[in-house]
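*Asks:* Sequence first, then the predicted structure:
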Amino acid sequence: MNASLAELREQAIALRRAGKSRREIKEILRVGSNQTLNEALRGEPPLLSTRRPNAKDNLRARARELRQKGMAYHEIVAELGVSKSSISLWVRDMPRPERLSYEECAKRQAAAVAAYWSGERQRRAAAREAVRAGEQRALGSLNEREILIAGAIAYWCEGTKSKPYRRSGRVIFINSDPRLICFYLRFLQLAGVKQDQLTFTLSIHESAEVAAAQEYWLRVTRADPAQFRRPNVKRHNPKTVRLNTGSTYYGCLRIEVLRSGHLYKQIEGWCDAVLAAASDWSRPETVA
């Protein structure tokens, strides 16, 4: 630092500590450049009496603290969730941190990304829940006709169907979602299926708690234990990487309707009625 700048810095700091604002210091010392004044006041914080209240004061203080620890701009941005321009403004008078090793940079980058996504996941989950709850309220409760329509389509997606190479009229549905299982049972009830027409079979990997899963599905379905057939236990393959494990894994439940030939034809008819709504749209001449 040359003598003239050192003298200017001494005078500027003295005026700052005397309670003068930047504008007043520029006028007294006849400084025309903001950059020169920044150099003269570098490291000298403004007096509290000259600072305006700011909603981001806490963020600014935290940004300066993180910068003091040697964090780069992008790391502070990820940590605080504010713009890079704000960070630059808040810490521009502070010295640059020493250049870090590649390993340390990578470590800090990973920590910053993890910190960002920790908050971002919560924000996205909250937004998703808001949309889900809003649409649920907008749709409201389903009447019996709508339950029959939705149940028929659910069966056509998840249930067994007769094929040209394998003719069958048996109504068999299998799924692992307890809410969908309960909805399907309500659909069967509205379709006129009696409780004694139902049989249940648990399909589960041998590495799971088979007995606990059987009890779980008994509670979900509220069925008579006599309606549950012997579980279908799948052999565990160590080479297979499975994600459906742990205490919340209860396998899949297979529900078969006995004497279901007529019901199968009904479901076919309901699905045909629903799918017919797309027949005009699916014609090639109507597609733009």
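*Replies:* Received, thanks.
*Asks:* Compute the distance between the nearest residue to residue 230 once chain neighbours are set aside and residue 170, please.
*Replies:* Closest residue in space to residue 230, ignoring its immediate chain neighbours: residue 201 at 7.6 Å, by Cβ to Cβ, 6 or more residues apart in numbering. No exception for glycine: its C-beta is placed from N, CA and C like everyone else's. Noted for residue 201: a distance of 13 Å to residue 170, by Cβ to Cβ, to the nearest Å.
*Asks:* which neighbours do the two share?
*Replies:* Common contact partners of residue 201 and residue 170 (Cβ atoms under 8 Å, 6 or more residues apart in numbering): residue 256.
*Asks:* of the two, who's got more company?
*Replies:* A direct count of neighbours by other Cβ atoms under 10 Å for residue 201 and residue 170 places residue 201 higher, at 18 against 15.
*Asks:* where does the more buried one land in three-state SS?
*Replies:* State at residue 201, reduced to three classes by DSSP: H, G, I helix; E, B strand; the rest coil: strand.
*Asks:* how far away is it from residue 228?
*Replies:* With the distance defined as Cβ to Cβ, residue 201 ends up 7 Å from residue 228.
*Asks:* cool, and residue 37?
*Replies:* Taking Cβ to Cβ as the measure, residue 37 and residue 228 are separated by 82 Å.
*Asks:* My reading is that residue 64 lies in a helix. Confirm?
*Replies:* Yes: inclusion of residue 64 in a helix is indicated when three-state DSSP is applied.
*Asks:* Skip the chain neighbours and tell me the closest residue to it.
*Replies:* Spatial nearest neighbour of residue 64, excluding adjacent residues (Cβ to Cβ, 6+ apart): residue 91 at 5.6 Å.
*Asks:* What are the neighbouring residues in contact with that neighbour?
*Replies:* Counting by Cβ under 8 Å, 6+ apart, the residues that residue 91 touches are 63, 64, 67, 76.
*Asks:* List the contacts of the first one.
*Replies:* For residue 63, the contacting residues are 76, 80, 82, 86, 87, 90, 91, by Cβ under 8 Å, 6+ apart.
*Asks:* residue ranges for the strands of the stretch 101-250 of the chain, please.
*Replies:* Using DSSP state E, counting those that start in this stretch, the strands found in the stretch 101-250 of the chain span residues 171-175, 198-205, 232-234.
*Asks:* Of all these, which one is nearest residue 138?
*Replies:* Distances from residue 138 to each of the strands of the stretch 101-250 of the chain were compared using Cβ to Cβ; the minimum, 25.8 Å, belongs to strand 171-175.
*Asks:* quick one: contacts of the closest one?
*Replies:* With Cβ under 8 Å, 6+ apart, strand 171-175 has contacts from 155, 158-160, 181, 184, 203, 252-257, 260, 263-264, 267.
*Asks:* Where does the prediction get shaky in the stretch 101-250 of the chain?
*Replies:* Counting by pLDDT under 70, the low-confidence segments of the stretch 101-250 of the chain come to 238-245.
*Asks:* re the thing from before, please identify the one among the contacts of residue 91 that lies nearest to residue 11.
*Replies:* The shortest gap between residue 11 and any of those belongs to residue 64, at 25.2 Å (Cβ to Cβ).
*Asks:* Many thanks, have a good one.
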